[in-house]
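Undergrad: Dropping the sequence and predicted coords here.
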Amino acid sequence: MKIIVIVCDTLRRDFLGCYGNAWVHTPNIDRLASESIIFDRAYIGSFPTMPHRAELMTGHYVFHTIGWAPLPPDEIVFQRLLQEQGYVTMLISDNIQMLAPGMNYHQGFDGHHWIRGHQADCWRTSHRPVKYPCDPNKLRQPEFLVIPHLRNNYGRLYEREWHDPQTIQAAIDWLEDNYRQDKFLLYLDLFGIHEPWDPPRWYIDLYDPGYEGEEVLLPRYDRADYLTEAELRHIRALYASMITMTDRWLGRLFEKLEILGLWDNTAILFTSDHGWYHGEHGLIGKHTVLNPKEGWPLYEEVAHVPLLIKLPDVKGGRRCQALVQPVDLMPTLVEMSGAEPPEGLHGRSLLPVLRGETDKVRDLAVSSPTLPTDPEYLVYSTITDGEWALIHGGARGKSELYHLRRDPSQAYNVIAEYSEVAQRLSEGYLALLERIGTSDEKLRLRLHL
């Protein structure tokens, strides 16, 4: 079997048509969904970007261990197991955080191709003056993140010069050269939907024509009240524009698969690592970097992600209600290749779910930043059973409980009325932490509900 894995960084599920969005144009992802199993209850595990990649590759939660760190060279990763099965393995990405020197997330790939220039990539050195597109006080780390991005991408004119188009075109080129391989793994990690958002003007005009205000292309992670309503609406338009551009180029990739005769016999896994707050809960961003001692809760907009899996010989378009997490993807991909997953994984293969043999993988999904050892640090974990969501504050935070069926926007904290539900979810959370080997130093800070 040929396998393609597509990870779209910072892609909110509710900005996709296949998950109910009516205003963002995503016809190609929606077409993929029509031939895939659509997972309605996929939740992140370790948060954010690099912990997610570590989980996907290893099948182990890392919020209690390495967190955001280089991938240890002795880790068993799914791509190396596929290599051992005779797969040609290729990584193509514009994700600076993944491919920066020393991060080691390219291990197990026969080849890797890094598209340069996104965000703070130390790439171009021109001293050409760079003009901020807005008041720099509205930007996150303007000198470190925004200035390098603007310098790296100065003078872009054609759509093909943006990062996701470049990355997807590189994948198309690779397929043209490798489509006759008996077995291949193409891992496509797309970083273009991650801010800064600076799409071509013609996409912006689809969503916010006539806007004449400031372009806050990388908003400061904070309470959202520093932005006007017009600025906040425009930020959503910038974000939607990047999604639509990526969707358009994914359509080119899918068309190429058809031309090469690969569409029907290639498994495709499509997902994201987390979402983003666009004013919901009064927040803009995905977590606090202004003060790491004051963490943000992982509400649905960030923790609940898209997951589509197209499997040859499995009828698509079916929706699946099983709770699943990134740790489940590693054993799934290994089984797709015909190999046996290693013992001791935290994840479980989704192949029985895909084949309709079961509708359950786990009772709880746990999403969390790296757990602290310092009692002064506030880290919220989210625990959900698909019906309820507990925002667990640990030793410092005030926990919250939401009934997702009645209150999907999580506007009403009902922990006082349903304390027994909160206690049940908390006990399940602590049991998982113990089962995966969380240190006593970290565990004792999670005992308080």
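TA: Good, I have the coordinates.

Undergrad: Run the chain-centre distance for the top helix by length along the chain.
TA: Counting by DSSP state H, the longest helix found in the chain is helix 229-259. Centroid separation for helix 229-259 versus its chain: 15 Å, with CA atoms, centre = their mean, to the nearest Å.

Undergrad: Likewise for stretch 425-433?
TA: 24 Å.

Undergrad: Would you mark the buried spots in stretch 143-158?
TA: Neighbour counts over stretch 143-158 (16 or more other CB atoms under 10 Å) mark L145, V146, I147, P148, H149, L150, R151, N152, N153 as buried. All C-beta spots, glycine's among them, are computed from the backbone N, C-alpha and C.

Undergrad: for stretch 204-212, same thing?
TA: I204, Y207, D208, Y211.

Undergrad: doesn't R31 make contact with G316?
TA: No: G316 lies out of contact with R31 (CB atoms under 8 Å); the separation is 10.0 Å.

Undergrad: so where is the stretch 251-400 of the chain shaky, pLDDT-wise?
TA: Within the stretch 251-400 of the chain, the segments meeting pLDDT under 70 span 289-290, 292.

Undergrad: Strands along that one, start to end?
TA: Per DSSP state E, counting those that start in this stretch, the stretch 251-400 of the chain carries strands over the ranges 266-271, 277-278, 283-285, 304-305, 307-310, 319-320, 365-367, 381-384, 388-392, 400-403.

Undergrad: want to throw those strands into TSV with mean neighbour count?
TA: Listed next are those as TSV, based on neighbours: other CB atoms under 10 Å:
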stretch	mean neighbour count
strand 266-271	22
strand 277-278	20
strand 283-285	22
strand 304-305	26
strand 307-310	24
strand 319-320	16
strand 365-367	25
strand 381-384	25
strand 388-392	24
strand 400-403	22
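
Undergrad: Which one, of those, ends up nearest to E441?
TA: For E441, the closest of the strands of the stretch 251-400 of the chain is strand 381-384, at 16.2 Å, according to CB to CB.

Undergrad: Show me the strands paired with the closest one, marking each as parallel or antiparallel.
TA: Here strand 381-384 is paired, per DSSP bridges, with strand 365-367 (antiparallel), strand 388-392 (antiparallel).

Undergrad: Tell me how the protein divides into domains.
TA: Using automatic domain parsing, the domain ranges for the chain come out as 2-354, 371-446.

Undergrad: And the first one, end to end?
TA: With CA to CA, to the nearest Å applied, domain 2-354 spans 17 Å between its terminal residues.

Undergrad: Nearest the middle, which residue of the protein would you pick?
TA: D273 (1.4 Å; CA atoms, centre = their mean).

Undergrad: packing partners for the host helix or strand of R53?
TA: If you go by DSSP states H and E, R53 is part of helix 49-58. For helix 49-58, the elements it packs on are helix 78-84, helix 96-99, helix 329-336, judged by 3 or more CB pairs under 8 Å, 6 or more residues apart in numbering; DSSP states H and E.

Undergrad: contact partners of that helix?
TA: Contact with helix 49-58 is made by 7, 9, 44-46, 60-63, 66-69, 71, 75-79, 95, 97-98, 103, 105, 108, 189, 194, 273-274, 325-327, 329-330, 347, 369-370, as judged by CB atoms under 8 Å, 6 or more residues apart in numbering.

Undergrad: Over to stretch 7-16?
TA: Residues outside stretch 7-16 that contact it (CB under 8 Å, 6+ apart): 19-21, 24, 26, 29-30, 33, 42, 49, 53, 56, 95, 187-195, 239-240, 243, 246, 270-276, 286, 301, 304-306.

Undergrad: Mind giving me the PyMOL select for these, buried ones only?
TA: Applied in PyMOL, the following selects the buried portion of those according to 16+ other CB under 10 Å:
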select buried, resi 19+21+24+26+29+30+33+42+49+53+56+95+187+188+189+190+191+192+193+194+195+239+240+243+246+270+271+272+273+274+275+276+286+301+304+305+306
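
Undergrad: I'd like the strands paired with strand 381-384 laid out as TSV, including distance to T125.
TA: Output for those, formatted as TSV (distance: least, CB to CB, whole Å):
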stretch	distance to T125
strand 365-367	39
strand 388-392	44
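
Undergrad: closest to Y418 out of those strands?
TA: Of all the strands paired with strand 381-384, strand 388-392 comes closest under CB to CB, at 7.7 Å.

Undergrad: Just want to check the distance between the residue nearest to D328 when sequence neighbours are not counted and T332.
TA: The shortest distance from D328 to any non-neighbouring residue, by CB to CB, 6 or more residues apart in numbering, is to G347 (4.1 Å). Using CB to CB, to the nearest Å, G347 is found at 8 Å from T332.

Undergrad: Mind checking what helix or strand follows the strand or helix carrying R424 in sequence?
TA: Secondary structure from DSSP H and E places R424 in helix 419-435. Under the assignment DSSP H and E, the closest C-terminal helix or strand after helix 419-435 is helix 440-443.

Undergrad: CA-only coordinates of that next one in PDB, if you can.
TA: Output in PDB follows, covering the C-alpha atoms of helix 440-443 (Å, rounded to 0.1, in the frame of the first residue of the first chain):
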ATOM      1  CA  ASP A 440       5.600  11.700  41.200                       C
ATOM      2  CA  GLU A 441       7.000  15.300  41.000                       C
ATOM      3  CA  LYS A 442       4.600  16.100  38.200                       C
ATOM      4  CA  LEU A 443       1.700  13.900  39.400                       C
END
